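Enquirer: Got a predicted model here, sequence first, then my questions.
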Protein chains: 4
Amino acid sequence: MWRVAGTMLACALAAAHVAAQQVVRYTPADKDLKFLYATVPPVATLNPGDTLETNTVDAFGNVIRKAGDTMAMVKGDNPLTGPFAIAGAEPGDTLVVKILDLAIESPRGVGALAPGFGALNTTSYTPMLNANLPEKIWFYDIDARANQATFHALDSSFSVNIPLQPFLGCIGVAPAGGEARSSIVPAEFGGNMDAHEARPGYTLYLPVSAPGALLYIGDGHAAQGDGEVAGTAIEVPLRVRLQVDIVKRKKIAWPRFENDSSIMAVGAYRPLDDALRIAFSELVSWIHADYGLSELDAYELLSKVARIHLAEMVDPNYVVVAGIDKRYLPKK
Amino acid sequence: MWRVAGTMLACALAAAHVAAQQVVRYTPADKDLKFLYATVPPVATLNPGDTLETNTVDAFGNVIRKAGDTMAMVKGDNPLTGPFAIAGAEPGDTLVVKILDLAIESPRGVGALAPGFGALNTTSYTPMLNANLPEKIWFYDIDARANQATFHALDSSFSVNIPLQPFLGCIGVAPAGGEARSSIVPAEFGGNMDAHEARPGYTLYLPVSAPGALLYIGDGHAAQGDGEVAGTAIEVPLRVRLQVDIVKRKKIAWPRFENDSSIMAVGAYRPLDDALRIAFSELVSWIHADYGLSELDAYELLSKVARIHLAEMVDPNYVVVAGIDKRYLPKK
Amino acid sequence: MWRVAGTMLACALAAAHVAAQQVVRYTPADKDLKFLYATVPPVATLNPGDTLETNTVDAFGNVIRKAGDTMAMVKGDNPLTGPFAIAGAEPGDTLVVKILDLAIESPRGVGALAPGFGALNTTSYTPMLNANLPEKIWFYDIDARANQATFHALDSSFSVNIPLQPFLGCIGVAPAGGEARSSIVPAEFGGNMDAHEARPGYTLYLPVSAPGALLYIGDGHAAQGDGEVAGTAIEVPLRVRLQVDIVKRKKIAWPRFENDSSIMAVGAYRPLDDALRIAFSELVSWIHADYGLSELDAYELLSKVARIHLAEMVDPNYVVVAGIDKRYLPKK
Amino acid sequence: MWRVAGTMLACALAAAHVAAQQVVRYTPADKDLKFLYATVPPVATLNPGDTLETNTVDAFGNVIRKAGDTMAMVKGDNPLTGPFAIAGAEPGDTLVVKILDLAIESPRGVGALAPGFGALNTTSYTPMLNANLPEKIWFYDIDARANQATFHALDSSFSVNIPLQPFLGCIGVAPAGGEARSSIVPAEFGGNMDAHEARPGYTLYLPVSAPGALLYIGDGHAAQGDGEVAGTAIEVPLRVRLQVDIVKRKKIAWPRFENDSSIMAVGAYRPLDDALRIAFSELVSWIHADYGLSELDAYELLSKVARIHLAEMVDPNYVVVAGIDKRYLPKK
């Protein structure tokens, strides 16, 4: 039986699902892919404790395959697999997603400069009168056995290997209040966070805002730099194995990550200043509520030992992950 | 003889100072401390290649010593030791500062909530009508042998050890154009960057904007979290040993760091969005100029492997350090 | 017959609706009010050229009526009347809304400090650890004949009259890509722009992103200061008369306003810096496309004569309206 | 005798200078121009109540005169006339500057696109990888009798007249703490605010931070649009007549304007969000201190009647002027 390691959950886990945990397998057809985080009928329903085995196409819908292919061939960014309902999840609960395994399903990853996208390019939300950067596409050889991808420069013969660290760029649920948000948006519901914490060894907590939570995943990344500054990671299709659970009547406002050594809170907004304020406010609240430090003691302690992962500054909202090593926290 | 490891300097180092390198020792009296990065007469002059041995008081001028001491006792924030002139340095050159050794000179470090300061507090530049957070002071026991400081919660009996990682919160030169800037400001000239990269094992490059460069240091930190969110690190006086050099006719726009494994560019402005843009623009330029990748290849590569250190979001400008591991770069 | 004065439309107006223009009357029941800009079945369908007569409840659903009423009584912010389909409108067209008449339907308007809302208060997107401002409600007497509302201070006996200038705080259409957005959000689709330009004498252009455009209105304001800094205007229910039209195959990216003397472009994002960049980029494009100045001539001219209306800095996106007097533009 | 109309000063004005008010005349030579707001010896000393008659060169030092002249000819931006000491002014006082008269001293004004400058151009603080906009210069005919300047498009034959509204783009004092700031910077000390309120009919209040206050002026503008988006106004040399006074022991934090009908507070920082927060916090404080409304009543009232002038978004700090008509305030 799977036991949630997370301190957050220790006392709250429903015992009901100790029984028979299932493995649910699902393979989307092209027509099943979604481009919104929204409240729509699920493609499958999981019970708390169940494992999901499924797959995701890459951020471009797997259509960029060879030299000469162009962004104009892309039907929509970040096609999503899902949604998956979790039986019994209701608004006010917390969804728990434990990433078990991610495998890259392509010998080739893609990186791209897309017009109007990127931290050092004029964009639709930071428009300027300067000429846009040109569209460019880089292909990365994926060598799963050697656990590396190879970057090939376009303007010289230079190439270099990059270690693989696959993660889900997109993982989120139906937003609150009936909103439907584009698959390129990260926000309170998770979504396009582009945070490498969405990988094996980590558990993600998401606020449930619709019956069944409605989990979506997509946008696999073979590796990504902090900030994802040019607008893409090494974009790949993934085979995904993850396990879901729910914490009843535990309400969180923003996504949270946890692994064996750390707890981490996510802020997603603009400018980065506010994303950081959100992430740290959430982290202070978490430490106060679950570890018993006063808010000001937690704030002071974070000023001395916090770690910040600036995940991306290219999507409609920017993402900051603020974390603290558990060795600095009181025992629960 | 000291040889600059930095790739940036390989071809440019003046040979003149191969000769006799000196150790210059300097101990400031209280009246010698400065509160501005400015063009003023130096307290001492070093030759390129010389080593400086000196010391810095803590961010509060060493006046917060025991329970009951208050921020009202502080005469000025971040008293600076210096400036030190480097013979032969002229505007358009680059100053090279290699941090050799930092030792904490106190059994006690200080952390504080100061009214109007901190990322989660209303401040003079992000004012609100809410009541300010209260002033609070935390004292940290420093155990140099065990290499740790101890945090003691104010509102509970919790305490925890934090590994020491001493660095100079302030290190900078006289600004360009005759400007004089407060010791709490980080900007093009370096200054109050609160970047833990200003520690042994790292080399800092600063743009020279005044004859002699005029190096200032201060604001020793025993340890600090990313973002320095509550407004202080573990504030300590330091004994400092560093070595200076100059690269003639090498003009940089913003501070840069380098160690054996990485190159890093600094951006310091508001909002963080622009600090990040500055840091990455500089890093792209650096890679292009010194490692030969085209700008767009460098930009794409950084999107896959860059590392961001968000140093602080509490000073008048915010600081982002963007870096790349040298193993991802072409040989020089 | 109504003829669109807007220069933007001169050549593009469909001739088809010259015929019989209707007046469509619609009164929503409580259950008909919406809280999302979304693609849902319309409550009524208008033909291009038709006039709509309807009404809106205030931002609090008309539930705050007397001393002692509290924000906890509010079911949802900004209940919307609609949506109204416009026959023949398709994605890629522009919806034209001419505000003909607005009448306040209450002897009393409401202003409020709501926890977590306001430019000088900690909010959910700019959170801090400071205590929130207290909830407060102000009632404004509305004297339609004298055309004024009366502010009564809560903490003193001071009162003062404010001229009425009623407008629709919310006016927008279904978002692009199937998104559904909260009634408190302003964005590309218009929405909660809190721009006093949404009043008689002005014409609003909105991008059509769903069949029928699907027009929503609400959040009547009797008067509002620039920035709407404390989070509310004088909130009132309105009787509304407006006329709709469509420009086929005219694609705009953001809302635009026009009156007899000026053209104005809207930017809605965070931070204000980007809202301003959006508004001015759109205005440069508009001048270039419809008035024939080169982009750089338009940019320079705006630097000399533009007018900025900073509509609000309190909603999830901030709104800047950038305009130019037509007397500075070439004849069309 | 000149009597300060400003409500702020009513009770505080020193009676000492009722006596003989002088007219001080000063004409700077090129070598007398300054490029810093700093604490340096004054070029002349005024008594409170004295009138100053002097002149300023344009933002380019009057060197751009004819087609073919380029920005490379400019020695430094915003050459300043001054500083002028005001006898008796000490840190903690407020300097009062009443703009009496401004006359344009050239038949020609200049506008320019300078590389790295402008709200819709990549800049040194918002750098991108896009190609910079080209340098361009526009000349404006000044017709003082007709009170207009004429814009001539570069890329077409279009020209149009613009009404003159001359003001001082730069007006400021020595900064606090011994800082010296570039003449292109607006901040607490005033400086390059590019606010058209610095014109006849308005009174400017500045915080005194150095003995004598040390007033600098420059950067005359014949007319300017809100935001000064392309980076320049119609740049002209000015003949200036202004009157100075001091309010002893009246400490303000940021510049303030006042005319017969309104009071206005200035915020200067980045992003615009924070500039707005500063301006409104100051305005709330001003209303509370001088007009007796509680802070929350003032905040609510501003949400209904405030006016925002977004002066510029192109300098190192951005400037927001927040104002309220005095008819909405209690009598003093």
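Expert: Yep, that arrived.

Enquirer: What segments of chain A are helices?
Expert: Ranges of helices within chain A are A:272-291, A:295-305, based on DSSP state H.

Enquirer: Relative to D:D30, which of those is closest?
Expert: helix A:272-291 (42.5 Å; Cβ to Cβ). For glycine as for every other residue, the C-beta is placed from the backbone atoms N, C-alpha and C.

Enquirer: Could you name the helices and strands sitting against that closest one?
Expert: If contacts are counted by 3 or more Cβ pairs under 8 Å, 6 or more residues apart in numbering or on different chains; DSSP states H and E, helix A:272-291 sits against strand A:262-269, helix A:295-305, strand A:307-312, strand A:318-325, helix B:272-291.

Enquirer: any chance of these in TSV, plus mean pLDDT and mean neighbour count?
Expert: What follows is those, written out as TSV (pLDDT from 0 to 100; neighbours: other Cβ atoms under 10 Å in any protein chain shown):
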stretch	mean pLDDT	mean neighbour count
strand A:262-269	98	26
helix A:295-305	98	25
strand A:307-312	98	24
strand A:318-325	98	25
helix B:272-291	98	24
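
Enquirer: quick one, which of the ones you listed is nearest to A:L102?
Expert: Among the helices and strands packed on helix A:272-291, the nearest to A:L102 by Cβ to Cβ is strand A:307-312 (16.8 Å).

Enquirer: So which residues make contact with that closest one?
Expert: A:186, A:193-197, A:226-228, A:262, A:264, A:272, A:276, A:279, A:318-325, B:225-227, B:276, B:308, B:310, B:320 (Cβ atoms under 8 Å, 6 or more residues apart in numbering or on different chains).

Enquirer: Please repeat the previous calculation with a cut-off of 7 Å.
Expert: Strand A:307-312 is contacted by residues A:193-195, A:226-228, A:318-323, B:226-227, B:308, B:310 when judged by Cβ atoms under 7 Å, 6 or more residues apart in numbering or on different chains.

Enquirer: Equivalent analysis for stretch A:140-152, please.
Expert: A:104, A:106-109, A:111, A:138-139, A:159-164, A:222-223, A:234, A:236, B:301, B:304.

Enquirer: tell me the average confidence for it?
Expert: Stretch A:140-152 carries an average pLDDT of 97.

Enquirer: Endpoint to endpoint, that stretch covers what distance?
Expert: End-to-end span of stretch A:140-152 (Cα to Cα, to the nearest Å): 7 Å.

Enquirer: Same check on stretch A:80-92?
Expert: End-to-end distance (Cα to Cα), stretch A:80-92: 24 Å.

Enquirer: quick one: contacts of that stretch?
Expert: So stretch A:80-92 is contacted by A:28, A:33-35, A:40, A:42-48, A:52, A:54-56, A:95, A:170, A:174, A:183, A:208-218, A:244, A:246, A:249, A:251 (Cβ under 7 Å, 6+ apart).

Enquirer: will you turn the helices of chain A into CSV that also has distance to A:N147?
Expert: Output for the helices of chain A, formatted as CSV (distance: least, Cβ to Cβ, whole Å):
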stretch, distance to A:N147
helix A:272-291, 30
helix A:295-305, 31
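
Enquirer: Surely A:T27 and A:N55 touch.
Expert: Yes: between A:T27 and A:N55 there is a contact at 6.2 Å, judged by Cβ atoms under 7 Å.

Enquirer: ok, those two, which is more surrounded?
Expert: A:N55 (19 against 10; other Cβ atoms under 10 Å in any protein chain shown).

Enquirer: What's the local residue count around the residue of chain A at minimum distance from chain D?
Expert: Nearest residue of chain A to chain D, counting by Cβ to the nearest Cβ: A:N130, 3.7 Å away. Using other Cβ under 10 Å, A:N130 is surrounded by 17 other residues.

Enquirer: ok, it to D:V96 distance?
Expert: 43 Å (Cβ to Cβ, to the nearest Å).

Enquirer: repeat for A:N62
Expert: Here A:N62 is placed at a distance of 69 Å from D:V96 (Cβ to Cβ).

Enquirer: Also A:D58?
Expert: As for A:D58, its distance to D:V96 is 65 Å (criterion: Cβ to Cβ).

Enquirer: Can you report phi and psi for the nearest residue to A:L168 once chain neighbours are set aside?
Expert: Spatial nearest neighbour of A:L168, excluding adjacent residues (Cβ to Cβ, 6 or more residues apart in numbering or on different chains): A:A198 at 4.3 Å. In terms of degrees, to the nearest 10, the main-chain angles of A:A198 are phi -80, psi 60.

Enquirer: which ones are touching A:A198?
Expert: A:I99, A:F167, A:L168, A:I171, A:L204 are the contacts of A:A198 under Cβ under 7 Å, 6+ apart.

Enquirer: what's around the last one, how many residues?
Expert: Residues within reach of A:L204, counting by other Cβ under 10 Å, total 26.

Enquirer: What residues does chain A have near chain D?
Expert: Within chain A, the positions lying close to chain D (Cβ under 7 Å from any Cβ of the partner chain) are A:L120, A:N121, A:T122, A:M128, A:L129, A:N130, A:A131, A:N132, A:L133, A:P271.

Enquirer: Which entries within these meet the buried criterion?
Expert: Those of the residues of chain A next to chain D that meet the buried threshold are A:L120, A:N121, A:T122, A:M128, A:L129, A:N130, A:N132, A:L133, A:P271, by 16 or more other Cβ atoms under 10 Å in any protein chain shown.

Enquirer: Output those in JSON lines, with pLDDT appended to each entry.
Expert: Formatted as JSON lines, those follow (pLDDT from 0 to 100):
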{"residue": "A:L120", "pLDDT": "98"}
{"residue": "A:N121", "pLDDT": "97"}
{"residue": "A:T122", "pLDDT": "97"}
{"residue": "A:M128", "pLDDT": "98"}
{"residue": "A:L129", "pLDDT": "98"}
{"residue": "A:N130", "pLDDT": "97"}
{"residue": "A:N132", "pLDDT": "94"}
{"residue": "A:L133", "pLDDT": "97"}
{"residue": "A:P271", "pLDDT": "98"}
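
Enquirer: between those, which is nearest chain C?
Expert: Once Cβ to the nearest Cβ is applied, the member of these that ends up nearest chain C is A:P271, at 4.9 Å.

Enquirer: got the phi/psi numbers for that closest one?
Expert: Per degrees, to the nearest 10, the backbone of A:P271 is at phi -70, psi 180.

Enquirer: How about it: what's its closest non-neighbour residue?
Expert: Excluding its sequence neighbours, the residue lying closest to A:P271 (Cβ to Cβ, 6+ apart) is B:P271, at 3.9 Å.

Enquirer: OK, contacts around the one you found?
Expert: A:P271, A:L272, A:D273, C:P271, D:R270, D:P271.

Enquirer: for the third one, what are its contacts?
Expert: Under the criterion of Cβ under 7 Å, 6+ apart, the neighbours of A:D273 are B:P271, B:L272, B:M313.
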